[in-house]
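Asks: the following block contains a protein sequence and its predicted model.
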Amino acid sequence: MLGAVSLPLTPLDELAAKYRELAVLRARREEVAALGRAGFDDAESALRRSAFRRLAARFPGALRELDALDARTLAARADAAAHAAAHADTDTPYTPRADAPPWLALALDFHALLTEALAIKSWLAHHAPRSTPLDAAALAAFRAFHAALPTRAFPVPLTDAAALARFRHPPGGRLLALVWAELEQRHARPRAELQALIFGPPESPPESPPESPPESPPESPPESPP
């Protein structure tokens, strides 16, 4: 008898898995809060921190969803992403169906863009610090690195010093400014509306407080002190 074939996960499959894990983490937090407990014991806290690191590495910004959205919403998102994955064409980039929730394609783009931006920022910090000019050798090394990335989400070819200057000196020193600017163009919505689609409206804080340390998306420090 033939063995089962393990098919590669699509971005939608991975997104569904992310929301399932977030839903479990959030449900447990809400359960502990409902019991009136101040937090988790040391063993469970260590397991949760390990899960946070794994999620943040694969889906930068996901931990903000954990703080902002309740378990029911996260579980519903997992179901919606799984449904979309089951009906998507795996041979072409994801094209939202008319009945797809607007946050779905946005969440895929958000994670892909932020993942790429963080990878570029890290490479530049290690191989071409801000005080070092980007010469021909550095640009050639960057092109080789960038070509090997599993996902390249930014539409503009990042092949010259002018293009990379945005990542060396992002607006306000924050990579997220580049990500939201690209998302605004791609989804034709203002940043505030996009943020509300992913993280929920700002006037609706989560019912239970965030755990410590803060669960927030990874971010680069400002380029210069205020």
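Replies: Received the coordinates, thanks. Numbering: from 1, shown residues only.

Asks: hey, let's count contacts and neighbours off CA atoms from now on
Replies: Fine.

Asks: which strands and helices lie in contact with the helix or strand of the chain at the bottom of the mean pLDDT ranking?
Replies: None of the helices or strands of the chain scores lower by mean pLDDT, DSSP states H and E than helix 161-168, at a mean of 86. In terms of contacts (3 or more CA pairs under 8 Å, 6 or more residues apart in numbering; DSSP states H and E), helix 161-168 is packed against helix 102-127.

Asks: so what touches the helix or strand just after the helix it packs on?
Replies: The helix or strand immediately downstream of helix 102-127 is helix 136-147, counting by DSSP states H and E. If you take CA atoms under 8 Å, 6 or more residues apart in numbering as the criterion, helix 136-147 is touched by 120, 123, 127-128, 152, 158-161.

Asks: export helix 136-147 as CSV, just CAs?
Replies: C-alpha atoms of helix 136-147 as CSV (Å, rounded to 0.1, in the frame of the first residue of the first chain):
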residue,chain,number,x,y,z
ALA,A,136,29.2,47.2,-5.8
ALA,A,137,30.5,44.2,-3.8
ALA,A,138,27.9,44.9,-1.0
LEU,A,139,25.1,45.2,-3.6
ALA,A,140,26.1,42.0,-5.3
ALA,A,141,26.1,40.2,-1.9
PHE,A,142,22.7,41.6,-1.1
ARG,A,143,21.3,40.5,-4.5
ALA,A,144,22.4,36.9,-3.8
PHE,A,145,20.9,37.0,-0.3
HIS,A,146,17.6,38.5,-1.5
ALA,A,147,17.3,36.1,-4.4
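
Asks: heads up, I number from 581, so please use that
Replies: In the new numbering, first residue 581, that becomes helix 716-727.

Asks: by how many degrees do that helix and helix 682-707 diverge?
Replies: 150 degrees (axes from the mean of the first three to the mean of the last three CA atoms, to 10 degrees).

Asks: any idea of the mean pLDDT for helix 716-727?
Replies: The average pLDDT within helix 716-727 is 90.

Asks: what does stretch 667-681 give?
Replies: 73.

Asks: can you tell me the closest non-neighbouring residue to P681?
Replies: Closest residue in space to P681, ignoring its immediate chain neighbours: A660 at 7.9 Å, by CA to CA, 6 or more residues apart in numbering.

Asks: for D593, what are its contacts?
Replies: 661-662, 665.

Asks: nope, E611 is what I meant
Replies: No residues are in contact with E611 under the rule CA under 8 Å, 6+ apart.

Asks: which outside residues touch the following helix or strand past the least confident helix or strand of the chain?
Replies: Next in sequence after helix 741-748, counting helices and strands by DSSP H and E, comes helix 755-767. Residues outside helix 755-767 that contact it (CA under 8 Å, 6+ apart) are 686, 689-690, 693-694, 697-698, 734, 746-747, 750-751, 770-771, 774, 799-800.

Asks: sorry, back to before: of the contacts of helix 716-727, closest to E594?
Replies: R732 (16.8 Å; CA to CA).

Asks: how deep is that closest one tucked in, by neighbour count?
Replies: 17 (other CA atoms under 10 Å).

Asks: check contacts around the closest residue to it other than its chain neighbours.
Replies: Closest residue in space to R732, ignoring its immediate chain neighbours: E696 at 6.5 Å, by CA to CA, 6+ apart. Residues near E696 by CA under 8 Å, 6+ apart: 729, 731-734.
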